[in-house]
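> My questions concern the predicted model and sequence given below.
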Amino acid sequence: MTTRLVILGLLRDRPLYGYELKHIIEEHMGDWTAIAFGSIYYALDKLAGEGFVEQVGVEQEGARPARTVYQITETGRAEFLRLLREVWSAFERQYFAIDVGLAFMNALPAEEIKQYLHRRVTMLEEVLQHIQEHQAEQIANPDVPAQARAVFEHSRLHMEAELAWTRDVLQQVEQGVYV
């Protein structure tokens, strides 16, 4: 559903071709949504088949492959609003694979668990650093809407909480509490 919502939302502004959608998603949304490149074209085909988007032209520059340009239809605008309202009214409980690992952590040596946790702390620190840098870069761009700040803050705060929690678990493991 997220892929469909994002594509319809982006097409509300102007007609776009698949690669433009990919670029916008990677450049401006990559820190807080996971939309694979292939799923963009799949979703475009599906949305076109359902009448939510339509092809408005094919562009070709030199020997490069042709690009199909899509625009949202009136039905697509209604679908966008339906999906948007669905996102706002839904609550998603998050489940984390690491919790299953915690449940069975006693099956591994404590030193191995410590190594995994140290690696996880490092990865989380790197991700948090990237989010903070990307947030500063994006917020400085006058074309980025004000609500992007809330999106970045949401992602940043989740990462900070995950990092604090991971450090706490690591400390407990190092003190012999959990293993």
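Looks like it arrived, so ask away.
> rest of the way, CA atoms for contacts and neighbours
OK.
> Spell out the residue ranges of the strands in this protein.
If DSSP state E is used as the criterion, the strands of the chain fall at 16-17, 53-59, 67-72.
> ok now do the residue sitting nearest the centre point of the chain, which residues does it touch?
Against the mean C-alpha coordinate of the chain, by C-alpha atoms, centre = their mean, the closest residue is Thr33 at 1.0 Å. Shown in contact with Thr33 (C-alpha atoms under 8 Å, 6 or more residues apart in numbering): no residues.
> Next: Val151.
For Val151, the contact set (C-alpha under 8 Å, 6+ apart) comprises Trp32.
> That one and Tyr17: what is the separation?
Here the criterion is C-alpha to C-alpha, to the nearest Å. By it, Val151 lies 25 Å from Tyr17.
> Over to Ala164?
Look at Ala164 and Tyr17: by C-alpha to C-alpha, they are 41 Å apart.
> Which of the two has more residues huddled nearby?
Set side by side, Ala164 and Tyr17 show more neighbours around Tyr17, with 20 against 14, by other C-alpha atoms under 10 Å.
> Dump the C-alpha coordinates for stretch 136-154 into PDB.
Output of stretch 136-154 as PDB, limited to C-alpha atoms (Å, rounded to 0.1, in the frame of the first residue of the first chain):
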ATOM      1  CA  ALA A 136      19.800  19.000   7.900                       C
ATOM      2  CA  GLU A 137      20.400  18.900   4.100                       C
ATOM      3  CA  GLN A 138      16.700  18.400   3.300                       C
ATOM      4  CA  ILE A 139      15.300  20.900   5.700                       C
ATOM      5  CA  ALA A 140      17.700  23.600   4.300                       C
ATOM      6  CA  ASN A 141      16.200  23.000   0.900                       C
ATOM      7  CA  PRO A 142      13.300  25.500   0.400                       C
ATOM      8  CA  ASP A 143      11.500  23.100  -1.900                       C
ATOM      9  CA  VAL A 144      11.100  20.500   0.900                       C
ATOM     10  CA  PRO A 145       7.800  20.900   2.700                       C
ATOM     11  CA  ALA A 146       7.700  21.900   6.400                       C
ATOM     12  CA  GLN A 147       6.200  18.500   7.400                       C
ATOM     13  CA  ALA A 148       9.400  16.800   6.300                       C
ATOM     14  CA  ARG A 149      10.800  17.900   9.700                       C
ATOM     15  CA  ALA A 150       8.200  15.800  11.500                       C
ATOM     16  CA  VAL A 151       9.000  12.800   9.300                       C
ATOM     17  CA  PHE A 152      12.700  13.100  10.000                       C
ATOM     18  CA  GLU A 153      12.100  13.600  13.700                       C
ATOM     19  CA  HIS A 154      10.000  10.500  13.800                       C
END
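> ok, Ile113 touching Met105?
Yes. Counting by C-alpha atoms under 8 Å, Ile113 sits close enough to Met105 to count as a contact (7.2 Å).
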